[in-house]
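Colleague: Got a predicted structure here, sequence first:
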Amino acid sequence: CITRHYTFNIEYTNVTRLCHTRTILSVNGKFPGPRLVAREGDRVLVKVVNHISNNVTIHWHGVRQKTSGWSDGPAYVTQCPIQTNQTYTYNFTITGQRGTLFWHAHISWLRATLYGPIIILPKHNESYPFQKPHKEIPILFGEWFNVDPEAVINQALQTGGGPNVSDAYTINGLPGPFYNCSSKDTFKLKVKPNKTYLLRIINAALNEELFFSIANHSLTVVEADARYTKPFNTNTILITPGQTTNVLLKTKSYFPNTTFLMVARPYITGLGTFDNSTPAGILYYKQHNTSIKNLPFLKPTLPQINDTNFASNFSRKFKSLANSKFPINVPKKVDKKFFFTVGLGTSPCPKNTTCQGPTNNTKFAASVNNFSFALPPVSIMQAYYFGKSNGVYKTDFPETPLNPFNYTGTPPNNTMVNNATKLVVLKFNTSVELILQDTSILGAESHPLHLHGYDFFVVGQGFGNYDPNKDAAKFNLVDPVERNTVAVPAGGWVAVRFFADNPGVWFMHCHLEIHTSWGLRMAWLVLDGNESNQKLQPPPFDLPKC
Ligand code: C2O
């Protein structure tokens, strides 16, 4: 194992897409940002230098950060932001993970342009549990705004209404031929016949679940969220913001005289912001004489935009590899059970303003167990560590919803949320079962729930109300998929289990950025264990101050 050093200069860069040139925030002038590559077991040091006028933090999404919570990155949860001209070095070791993750800014909506892949290779002398790929290709989905994304979220929060949608989805930062002015801004993947390629697919989009398919090529899923899965074949994958999926692509045994479009498109269960726009890239075979411009192209067929059957069947296909080489440790007995409702709601419009919220004089809000989590002006974990929690947070986050919930499909009359900063406290190594129940109030979208500092096992999922008497008996405790982000289906639930074996303060939130901004977020406080390797490390000397 080695130590890998990176420097991330957060700086301004001009980028043109859709015929609009904007000065965006970038890492080292790159968009999308640079790849971070490490092997399992390596230590990674990333020196982040802030050259912009915004405050910034970077989150290593999915990296477990065992006892190194100070390097996790969510602003005001584990650290104060890095201010202009300040530097902070993130320092973490990759333990027990290999596959694909990603990094992104974790303050306001800066992740719109500040994101890039994390590639974790197996240890030296260890091979993949699948055919060795000829090449590995990161595929990142993102969103492009013709205006400053900070203006979009600030306006939404001020008016209380929904945010303007982005102007394009992108594949590796490029919208592709279906958008205005974008034929030249198309991701192109040149392949050879008869080879296996590993596509490392990352959904870094702000607000949309996406289908993805490549014309006339099937994909074999082998890994999700940096955990190996039992391989399965599919023509289309569905990937929710915050998830990563590794797939094998086998190329044909000849040079086809055509090119193949790779296409993504949103999956939206209800009629929310209906957005049918389609980013596309091109897969083509290395030809000898013909330029690809002269070749015809084939398009894939994607599921319907609201194909819930596809979505629920697809998510059930994910199973952990769970063999003797890669065993899993699912809690069989549960010490603590939680039932969380997640969804949208409303909050009152501030005096002397008019709000464009869902009902008269209200603003959109979102909550977990009817609480909209308020970020304090200081770092929660610092307040905890230095015994200064007074006035910063409380530890009485409810184990069940404040207003008992019964899913009937019709929203209740009172959708008001409460604002507070409340945490759940867990003793070290508690085995936790968490039911996440979507309320489908004011919007029917799945909620990609992401937990920092952990992977959890997805032991069950279903539609309607979760029923502890019937549903728990059917939990998969043998080979459930292990991941850090799960889509809680609109009008349904998922059940997850994990051991709270990582001390620190850990954020959990919807990875649809607008829902996070509206308050669909909370945090766990996991106490130290007795052994020295079960304690949160002391804060680094350069930890930013608020
Ligand atoms: Cu990828 Cu808290 O986020």
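Modeller: Great, that's in hand.
Colleague: Name the residue of the chain that lies nearest to the ligand.
Modeller: His61 (3.7 Å; CB to the nearest ligand atom). In short, each C-beta sits where N, CA and C put it, glycine included.
Colleague: May I ask you to confirm that that residue is in contact with Arg483?
Modeller: No. If you go by CB atoms under 8 Å, His61 and Arg483 don't touch, sitting 11.6 Å apart.
Colleague: Wasn't Gln158 part of a helix?
Modeller: Yes. Applying DSSP: H, G, I helix; E, B strand; the rest coil, one finds Gln158 inside a helix.
Colleague: could you point out where the protein is predicted with low confidence?
Modeller: 269-276, 288-289 (pLDDT under 70).
Colleague: Checking the closest residue to Lys325 other than its chain neighbours next. Helix, strand or coil?
Modeller: With CB to CB, 6 or more residues apart in numbering as the criterion, Lys325 has its nearest non-adjacent residue at 7.0 Å, and that residue is Pro129. Counting by three-state DSSP, the backbone at Pro129 sits in coil.
Colleague: OK, contacts around Pro129?
Modeller: 222, 228, 321, 323, 325-326 (CB atoms under 8 Å, 6 or more residues apart in numbering).
Colleague: how close does it sit to Val222?
Modeller: Using CB to CB, to the nearest Å, one obtains 8 Å as the distance from Pro129 to Val222.
Colleague: Quickly list what's touching both of those two.
Modeller: Here Pro129 and Val222 have Tyr228 as joint contacts, going by CB under 8 Å, 6+ apart.
Colleague: can you map out the strands along the stretch 401-546 of the chain?
Modeller: 418-420, 423-426, 431-438, 447-451, 456-463, 482-483, 485-488, 492-499, 504-510, 521-526 (DSSP state E, counting those that start in this stretch).
Colleague: is it possible to export the ones you listed to a markdown table including mean neighbour count?
Modeller: Converted to a markdown table, the strands of the stretch 401-546 of the chain look like this (neighbours: other CB atoms under 10 Å):
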| stretch | mean neighbour count |
| --- | --- |
| strand 418-420 | 15 |
| strand 423-426 | 19 |
| strand 431-438 | 22 |
| strand 447-451 | 24 |
| strand 456-463 | 21 |
| strand 482-483 | 27 |
| strand 485-488 | 27 |
| strand 492-499 | 23 |
| strand 504-510 | 26 |
| strand 521-526 | 24 |
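Colleague: To Ala311, which of the ones you listed lies closest?
Modeller: Evaluated over those, closeness to Ala311 peaks at strand 485-488, with 7.5 Å, by CB to CB.
Colleague: List the neighbours of that closest one that are in contact with it.
Modeller: 62, 209, 225, 240-243, 311, 315, 342, 436-438, 446-451, 456, 458, 494, 496, 511.
Colleague: what about the residue of the chain closest to the ligand, how many neighbours?
Modeller: His61 has 27 neighbours, counted by other CB atoms under 10 Å.
Colleague: Equivalent analysis for the one 3 residues further on, please.
Modeller: Counted by other CB under 10 Å, the residues lying close to Arg64 total 23.
Colleague: From Ile94, how far out is it?
Modeller: Counting by CB to CB - Arg64 and Ile94 are separated by 8 Å.
Colleague: For Pro117, which residues are in contact?
Modeller: 32, 35-36, 100-103, 138, 140, 200, 202.
Colleague: likewise Pro175?
Modeller: 17-18, 144, 168-169, 182, 185-186, 279.
Colleague: Inside strands: which ones of those residues?
Modeller: 17, 144, 168-169 (DSSP state E).
Colleague: got a winner among these for most neighbours?
Modeller: That'd be Trp144 among the ones in strands among the contacts of Pro175, by other CB under 10 Å, with 26 neighbours.
Colleague: Setting aside sequence neighbours, what's the nearest residue to that residue?
Modeller: According to CB to CB, 6+ apart, the nearest residue to Trp144 is Ala168 (4.5 Å).
Colleague: what's that neighbour in contact with, if anything?
Modeller: 17-18, 143-144, 175, 179, 182, 277, 279 are the contacts of Ala168 under CB under 8 Å, 6+ apart.
Colleague: can you redo those as TSV with distance to Asn502?
Modeller: Below are the contacts of Ala168 laid out as TSV (distance: CB to CB, whole Å):
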residue	distance to Asn502
Arg17	39
Leu18	42
Glu143	31
Trp144	35
Pro175	38
Tyr179	42
Ser182	43
Ser277	39
Pro279	36
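Colleague: Just the CA coordinates for the strand or helix carrying Tyr12, please, in PDB.
Modeller: Per DSSP states H and E, Tyr12 falls inside strand 3-17. Taking C-alpha atoms only, strand 3-17 is exported to PDB below (Å, rounded to 0.1, in the frame of the first residue of the first chain):
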ATOM      1  CA  THR A   3       0.300   7.100  -0.200                       C
ATOM      2  CA  ARG A   4      -1.100   9.000  -3.200                       C
ATOM      3  CA  HIS A   5      -0.800  12.800  -3.300                       C
ATOM      4  CA  TYR A   6      -3.200  15.000  -5.200                       C
ATOM      5  CA  THR A   7      -3.700  18.700  -5.300                       C
ATOM      6  CA  PHE A   8      -7.100  20.100  -6.200                       C
ATOM      7  CA  ASN A   9      -7.000  23.800  -7.100                       C
ATOM      8  CA  ILE A  10     -10.600  25.100  -7.000                       C
ATOM      9  CA  GLU A  11     -10.500  27.700  -9.700                       C
ATOM     10  CA  TYR A  12     -12.500  29.500 -12.400                       C
ATOM     11  CA  THR A  13     -12.600  28.100 -15.900                       C
ATOM     12  CA  ASN A  14     -14.500  29.100 -19.000                       C
ATOM     13  CA  VAL A  15     -16.500  26.400 -20.600                       C
ATOM     14  CA  THR A  16     -18.800  26.500 -23.600                       C
ATOM     15  CA  ARG A  17     -21.800  24.200 -23.900                       C
END
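Colleague: partner strands of that strand, parallel or antiparallel?
Modeller: Here strand 3-17 has these sheet partners by DSSP bridges: strand 20-27 (antiparallel), strand 43-50 (parallel).
Colleague: show me the contacts for the nearest residue to Tyr76 once chain neighbours are set aside.
Modeller: Once flanking residues are discounted, Tyr76 sits nearest to Leu375: 4.3 Å by CB to CB, 6+ apart. With contacts defined as CB under 8 Å, 6+ apart, Leu375 is in contact with 75-77, 421.
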